[in-house]
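*Asks:* Need coordinates for the following:
(2 chains)
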Amino acid sequence: MALAAHPTHPQPRVPGQPDMWFFILFEAFLFTSYFIVYMVCRVQDPATFLQSQQLLSLPIGVFNTLILLVSSWSMARCVQASRDHHYPAALNGAYLTIAFGLCFAALKVLEWTLEFDKGIGITTNEYFSFYFFLTGMHFLHLLIGFIFLGIVVAQLRRGHQRSQTLVETSATYWHMVDFLWINIFALLYVVR
Amino acid sequence: MSVTAVDPAPAGGGLSRWRNHPKFELWLAFWTMIVFYNFFFILFFAYTRVQPPPEPAWAIPRVLEWFTSHRFNLLSGFAIVFLVTGLTGAANALIAYSMRRMSVSPAFAHAYLVIYALSAVPGMLLTCIAITVAAMRPERDPQVIAWLYDFAFMAFDGTMGVFLIGSLVWMVAILLDKNRVFPKWFAYLNLCNALTEVVVAPAWMFTEGVFAWDGAITWWIDVAVFMIYTTVFITLLRNMIIREDFSDGPLPD
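*Replies:* Numbering: from 1, shown residues only, chains lettered A, B, ... in the order given. Okay, here's the model as predicted:
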């Protein structure tokens, strides 16, 4: 039997819309170019960058990284539950992701406020220009992420016309927010 | 039922044949847009050399020297810019047409037209006027010329944010559209472009370094994105005209 001899395999595909992966690739190139410029500036003045880096709160940075990582985990659980048609569990995962996202945002604002109180601002020196620029741009991506999380919740709450593709597209965006933060965290807080 | 693209060869010859072509107006708008962008890049980058922008940290004598050495090119180049600025209308109209061809509300096209028509003032014309005024009378008070220099380049490089909402309007229209006028990845490219408009904001706080108006991040990377974005949307508008069948439904491939 021809069919038995050549079983059909599902077409390999990326989660969500391939268009979102194009966006992520483009954003990755864009942020990579920012990181390269940062590294070039750092090489030119390593002492200032190192001294300024020590003024950041590493515990807050680590805690925020953990929060975003856990939010990606809850998002992944949401997608898996949605694939299995367990929509109440998927909704819980989405709400949990929103909660973790809000925690990250609140902590980031608190961290910025503490830095402003110390007299540190975007014009303090080149390191802090990069710090506020990169974390600010990431924060903007995070805020857009809440729109995508809203789309996930709206899809999961719908009756029979849920779009699994939209859920996965939004989840892909959220993972990008996490991915960008890990790079920014490593570069600004950790790399000596 | 499959729909085929309308691209017949009308009877007649020469001008009459062109005029009766069903896509004549669309191609006219498209080529007007191409002519405008050619003028824009040649005049701003090669002829007047205001792009890439000179340094914001220059002392007043260096600014005066720049105006003196570029005087003829600045005056004659921007005279041409003032003549051809109106051609942007064709580009904006074609983009608005793309949104009218979508299944979304005409409000998107109207919002885009209004935003981009107004954005040309701070985004381009104010720069040209300020530089022309400064170059016109080299004997003017150096402080005033330095003020015009800052004003001109901040107007051009610092007000990119006015284009942000326009890009987002186009993005939302594409995401909601069911007529497949543009691929969804182009909607996300609009988001990338909109985000780079935000990147320009630090230029208001720095006179040197990567965040100044001529900086690696605020100018060079942003311009690279703008070039990619412009090339992509011109190509996609061309494809849209080729695919146009003048119906209300999805555009054929």
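*Asks:* Can you tell me, leaving aside adjacent residues, what's nearest to residue B:178?
*Replies:* Of all residues not flanking residue B:178 in the chain, residue B:103 sits nearest, at 4.3 Å (Cβ to Cβ, 6 or more residues apart in numbering or on different chains). All C-beta atoms are positioned from the backbone trio N, CA, C, and that covers glycine.
*Asks:* Need the three-state assignment for the one you found.
*Replies:* With DSSP: H, G, I helix; E, B strand; the rest coil as the basis, residue B:103 sits in coil.
*Asks:* That one contacts residue B:177, doesn't it?
*Replies:* Yes. Counting by Cβ atoms under 8 Å, residue B:103 touches residue B:177, with 5.5 Å between them.
*Asks:* which of those two has more neighbours?
*Replies:* Just comparing residue B:103 and residue B:177: by other Cβ atoms under 10 Å in any protein chain shown the higher neighbour count belongs to residue B:177, 21 against 14.
*Asks:* nearest spatial neighbour of the more buried one, skipping sequence neighbours?
*Replies:* residue B:102 (3.8 Å).
*Asks:* Run through the residues that contact the one you found.
*Replies:* Residue B:102 makes contact with B:108, B:173, B:174, B:176, B:177, B:178, B:179, B:181, according to Cβ atoms under 8 Å, 6 or more residues apart in numbering or on different chains.
*Asks:* repeat that with 6 Å
*Replies:* Taking Cβ atoms under 6 Å, 6 or more residues apart in numbering or on different chains, we find residue B:102 in contact with B:173, B:177, B:179, B:181.
*Asks:* among the residues you listed, which are in helices?
*Replies:* residue B:173 (DSSP state H).
*Asks:* sorry, back to before: the residue nearest to residue B:177 and chain A, how far apart?
*Replies:* Applying Cβ to the nearest Cβ, to the nearest Å, the value for residue B:102 to chain A is 16 Å.
*Asks:* Dihedrals phi and psi, that residue?
*Replies:* The phi and psi torsions at residue B:102 (degrees, to the nearest 10) take the values phi -80, psi 170.
*Asks:* that older thread, which of the contacts of residue B:102 are buried?
*Replies:* Among the contacts of residue B:102, those buried by neighbour count (16 or more other Cβ atoms under 10 Å in any protein chain shown) are B:173, B:177, B:181.
*Asks:* Tabulate those residues (JSON lines), appending distance to residue B:85.
*Replies:* JSON lines is the format used below for the buried ones among the contacts of residue B:102 (distance: Cβ to Cβ, whole Å):
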{"residue": "B:173", "distance to residue B:85": "25"}
{"residue": "B:177", "distance to residue B:85": "30"}
{"residue": "B:181", "distance to residue B:85": "27"}
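*Asks:* Including pLDDT, could those go into TSV?
*Replies:* Formatted as TSV, these follow (pLDDT from 0 to 100):
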residue	pLDDT
B:173	97
B:177	96
B:181	96
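*Asks:* and which of these is nearest chain A?
*Replies:* residue B:177 (12.9 Å; Cβ to the nearest Cβ).
*Asks:* who touches that closest one in this structure?
*Replies:* B:102, B:103, B:104.
*Asks:* Tell me how far the closest residue to residue B:55 other than its chain neighbours lies from residue B:222.
*Replies:* Excluding the flanking residues, the one nearest residue B:55 by Cβ to Cβ, 6+ apart is residue B:214, at 5.8 Å. In this view, residue B:214 and residue B:222 are 11 Å apart by Cβ to Cβ, to the nearest Å.
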